[in-house]
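K.L.:
I'd like to go over a predicted model; first the sequence, then the structure.
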Amino acid sequence: MKKHNFGAGPSILPQVVIDQAALALKNFNNMDLSILEISHRNKNFIAVLEKAQNLALELAGLKDKGYYALFLQGGASTQFLMAPYNFLPIGGTAGYIDTGTWSSAAIKEAKKLGNVNVLASSKENAYKNIPKNVAIPEGLSYVHVTSNNTIYGTQFKEFPKVNCPLLVDTSSDMFSHVVDYSQFDLIYAGAQKNIGASGTTLVLVKQDALGKSGRDIPSMMDYQLQIAKDSLYNTPSVFSIYVSMLNLEWLQNDMGGLKGIEKVNFAKADLLYNELDTNKNFVPYVDKADRSIMNVTFNLADESLKERFDKLCSEAGIWALSGHRSVGGYRASLYNALPLESVQVLVDVMKAL
Ligand SMILES: *Cc1c(COP(=O)(O)O)cnc(C)c1O
């Protein structure tokens, strides 16, 4: 039987997506060739890419709103550098809100290109909360936020209002619930958490916000060039983009888009947080108001229960529940493809402890 996969990424995908991808590995579109063997310029793949781009824009509610969808390589981590190359003029200052490991990594890269003003940080509080009412000074080139903090388990419920471009790393909660994505000029997410397979990164960028950094941007880092070449400046990750297309199709057609999936995701998160709040053997890690619906972090009240809890989990087919190696404890990732039944299995194990 398939495991109940709570892994943080690469992570669970719907079985229909895995089955379809497996078929395409053997014989893609009845071409008598594997998808691994065809050119990225073949019309069968171009159709996949266009479909994936369209689905991404549609799901984000950004179709015909001046945004472009790119599928790039180098993971979200490359976007940490690509964002300032394209949005931070020489001599300009970028504002960052530091809500965890990934925000810190984004700040580190931006500092290589210019001035960074860390507008707020929850570091002193072990990243257990999202800073509120952050003052946004005048004259910033952009503000960057991390919508969901995969490692610590916090999530922005509302984003700061800014008078400059707002850039967001949504790697671990992209398409998990209804969000007004039009408040952002740049949205990026490594595919391996909620979009598809590792190897590609979805980037949604507002076209008229580009071309203002005045920098001589290296080709691979240049959104305008990537747009002009339609994500095909170099060889893209053909298979990962195909898996993303299948998964976005599943989200749109089988789950009813973001409105449909958020019902399931809220139900999963409620079920697990209710158990954490009432079961004395467990202690949730972050502030209640800032809890993530995607990555639920918690500890045991008594470490001596660890062996028994881990054994019960393993016997129930629960997979990858360990917290990130930097924080320890436990983390249940409840990405779109994880069914409510898997959360129920975990809750039953918690009750049995
Ligand atoms: C996983 C993750 C990253 C890193 O993604 P890569 O694709 O491995 O570079 C960045 N930001 C967030 C919020 C993440 O969860």
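P.N.:
Good, I have the coordinates. Residues are numbered from 1 along each chain as shown.

K.L.:
can stretch 123-130 be said to contact the ligand?
P.N.:
No: Stretch 123-130 does not reach the ligand (CB under 6 Å from any ligand atom); its nearest approach is 12.2 Å. The way it works is simple: take the backbone N, C-alpha and C, and place the C-beta from them, glycine included.

K.L.:
how about stretch 144-157?
P.N.:
Yes: Stretch 144-157 reaches the ligand (CB under 6 Å from any ligand atom) through Thr146, Thr150.

K.L.:
what mean pLDDT does that stretch get?
P.N.:
Stretch 144-157 carries an average pLDDT of 98.

K.L.:
same question for stretch 334-348.
P.N.:
The model assigns stretch 334-348 a mean pLDDT of 98.

K.L.:
same check, this time on stretch 68-76
P.N.:
98.

K.L.:
buried stuff in that stretch?
P.N.:
Buried residues in stretch 68-76, counted by 16 or more other CB atoms under 10 Å: Tyr68, Ala69, Leu70, Phe71, Leu72, Gly74, Gly75, Ala76.

K.L.:
also stretch 5-16?
P.N.:
Asn5, Phe6, Gly7, Ala8, Gly9, Ser11, Ile12, Leu13, Pro14.

K.L.:
so what's the residue lying closest to Gly323 once chain neighbours are set aside up against?
P.N.:
Nearest non-adjacent residue to Gly323, counting by CB to CB, 6 or more residues apart in numbering: Gly329, 4.0 Å away. Under the criterion of CB atoms under 8 Å, 6 or more residues apart in numbering, the neighbours of Gly329 are Tyr285, Thr297, Phe298, Asn299, Leu300, Gly323.

K.L.:
equivalent analysis for Lys268, please.
P.N.:
Applying CB under 8 Å, 6+ apart to Lys268 gives the contacts Ile293, Leu334, Leu338, Leu340, Val343.

K.L.:
which of those tops the neighbour count?
P.N.:
Each of those was scored for neighbours by other CB atoms under 10 Å, and Leu334 scores highest at 27 neighbours.

K.L.:
mind telling me what element the residue nearest to that residue when sequence neighbours are not counted is part of?
P.N.:
Distances taken as CB to CB, 6+ apart place Lys268 nearest to Leu334, at 4.7 Å, with adjacent residues excluded. Assigned by DSSP states H and E, Lys268 belongs to helix 257-278.

K.L.:
following that helix, which helix or strand shows up next?
P.N.:
Past helix 257-278, the next helix or strand by DSSP H and E is strand 282-284.

K.L.:
each with direction, which strands does that next one pair with?
P.N.:
strand 295-300 (antiparallel) (DSSP bridges).

K.L.:
quick check: the closest residue to the ligand within the stretch 251-353 of the chain vs Ala76, distance?
P.N.:
Across the stretch 251-353 of the chain, no residue is closer to the ligand than Asn295, which sits at 8.3 Å (CB to the nearest ligand atom). Remark: distance between Asn295 and Ala76 (CB to CB, to the nearest Å) = 15 Å.

K.L.:
before we move on, back to that, between the contacts of Lys268, which is nearest Ser121?
P.N.:
Ile293 (22.9 Å; CB to CB).
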